[in-house]
Structure formats: C-alpha cells, structure tokens
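Trainee: Pasting a predicted model and its sequence here:
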Amino acid sequence: MSQQETVAHPGTGDDSPPPVGLMDPSGRIDLRTPEGAAIFGLFRRIKVLVEEPDGSWPGGDLVEVLNEWLADVGLDPDEELDNARSRLETMAETKEALWTVAGLRNQASPGETLIAAVFAGQHFCRDSEPGDEGGYQRVVDTVTAEDADEAERLAYELFESARDE
C-alpha cells in the first residue's frame with residue numbers, strides 16, 4: 001500500500017488516523033504502546049522463525065506465523081471483517097478478554113480434568129507429541145471471560161463436555 005492510500009480504522013467509520021497512539025508524531029511505531037509492542041512482537045517472530053540466512057522470508061512460513069500472531073491478538077483469519085470488528089468492540093465495552101487455558105483431561109474419570117495454566121490472550125499452542133499422558137489427554141482452548149477464574153471455570157466445563165467417549 002502506498003503512503004497516499006488510506007484505510008478505514010475500526011470504530012471511526014472514516015479514513016482518519018488511528019484514535020490511539022499506535023504511531024508517534026514522526027509516523028513510526030511507538031513501542032511504549034500495547035499495539036506497538038504487538039507489532040514489534042510480530043516482527044521478532046518473523047525474524048526468528050521465518051527469515052532464511054539470505055534474509056528472505058518464505059511465503060508459506062510467513063503466512064503461518066502471521067495467522068498465529070493474528071490469533072494471539074484476538075483475530076481469526078477466517079472470520080468475516082464485520083464480525084471481527086463487532087466482537088472486538090463488544091469485548092472492549094464489557095471488560096471481557098480472551099484467555100487461553102491448558103489442562104489435562106482424565107479420559108477414564110469424568111470430573112477429574114486438571115487445569116494447568118490460564119494465560120491472558122489467545123495463544124497458539126503446538127502439541128509435538130499428541131496422545132495420552134498416563135491416561136490424561138492434553139487439552140487447550142481459548143475462552144472469553146472477565147477474569148482468569150471465570151476463564152478457568154468455562155474451560156473446565158468445555159474440556160469436560162468434549163470428553164472422548
């Protein structure tokens with residue numbers, strides 16, 4: 001996109017600059033803002049995970065890292081633009097946030113799912129060795145909740161209801 005092109009910003013309904021300090025007055029990313037830090041985090045991921053020794057960025061790897069990053073900041077690449085905007089605006093108004101919850105589900109005993117961690121935000125997780133761990137199955141999902149305790153409760157219910165029969 002050229003510098004002359006403009007993009008409508010969520011919530012503004014026009015082509016005005018972003019309403020918060022994503023950029024400092026010089027037009028550069030401000031690392032002191034959450035948005036600036038997130039963008040730099042994406043850049044760091046690309047440099048570490050994608051960049052080849054010759055400095056190139058293979059397209060397939062780049063798309064995979066970008067999709068993971070979008071999920072981490074609460075965007076589903078398959079979601080319709082208007083739905084994503086509406087969902088994010090609603091979350092901002094209600095103090096709800098995305099939480100990633102990981103646990104171990106006891107396949108033999110309902111009601112014995114163990115919650116191992118609750119992380120703020122949506123995080124992409126890879127299970128390098130899928131399968132059971134001594135009768136337990138590793139489980140992870142993202143929920144929308146007002147706080148970590150509610151996220152843990154919602155994820156527990158989700159993990160239990162998705163039990164393999």
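Mentor: Nice, thanks for sending it over.
Trainee: Every contact and neighbour count from this point should use C-alpha atoms.
Mentor: OK.
Trainee: Could you check how far the spatially most central residue of the chain is from residue 31?
Mentor: With distances taken as C-alpha atoms, centre = their mean, the residue of the chain nearest its centroid is residue 72 (1.8 Å). Distance, residue 72 to residue 31, using C-alpha to C-alpha, to the nearest Å: 18 Å.
Trainee: what about the strands in the chain?
Mentor: Listed in chain order, the strands of the chain (DSSP state E) span 97-106, 114-120, 132-133, 136-145.
Trainee: so where is this protein shaky, pLDDT-wise?
Mentor: Applying pLDDT under 70 to the chain flags the ranges 1-25, 124-133, 163-165.
Trainee: Quickly list the domain ranges of it.
Mentor: Per the record, the chain has its domains at 34-73, 94-161, by automatic domain parsing.
Trainee: mind listing what's buried in the shortest one?
Mentor: Under the neighbour-count criterion of 16 or more other C-alpha atoms under 10 Å, domain 34-73 has 35-36, 39, 42, 45-46, 50, 57, 62, 65-72 buried.
Trainee: I'd say the residue nearest to the centre of the chain and residue 121 touch.
Mentor: Yes. Contact criterion C-alpha atoms under 8 Å: residue 72 and residue 121 qualify, at 6.3 Å.
Trainee: Could you check how many residues crowd around residue 29?
Mentor: 17 (other C-alpha atoms under 10 Å).
Trainee: looking at the sheet around it, what are its partners?
Mentor: Beta-bridge pairing of residue 29 under DSSP bridges involves residue 23.
Trainee: Against residue 75, how distant is it?
Mentor: 20 Å.
Trainee: Leaving out sequence neighbours, find the closest residue to residue 142.
Mentor: Using C-alpha to C-alpha, 6 or more residues apart in numbering and skipping the chain neighbours, the partner closest in space to residue 142 is residue 100 (4.3 Å).
Trainee: Would you mind confirming that that neighbour makes contact with residue 121?
Mentor: Yes. Using C-alpha under 8 Å, residue 100 is in contact with residue 121, at 6.2 Å.
Trainee: between these two, which one's more packed in?
Mentor: Between residue 100 and residue 121, counting by other C-alpha under 10 Å, residue 100 is the more crowded of the two (23 against 18).
Trainee: can you tell me which residues contact the more buried one?
Mentor: Taking C-alpha atoms under 8 Å, 6 or more residues apart in numbering as the criterion, residue 100 is in contact with 118, 119, 120, 121, 122, 123, 140, 141, 142, 143.
Trainee: residue ranges for the helices of the chain, please.
Mentor: Applying DSSP state H to the chain gives helices spanning 34-45, 59-72, 81-94, 148-161.
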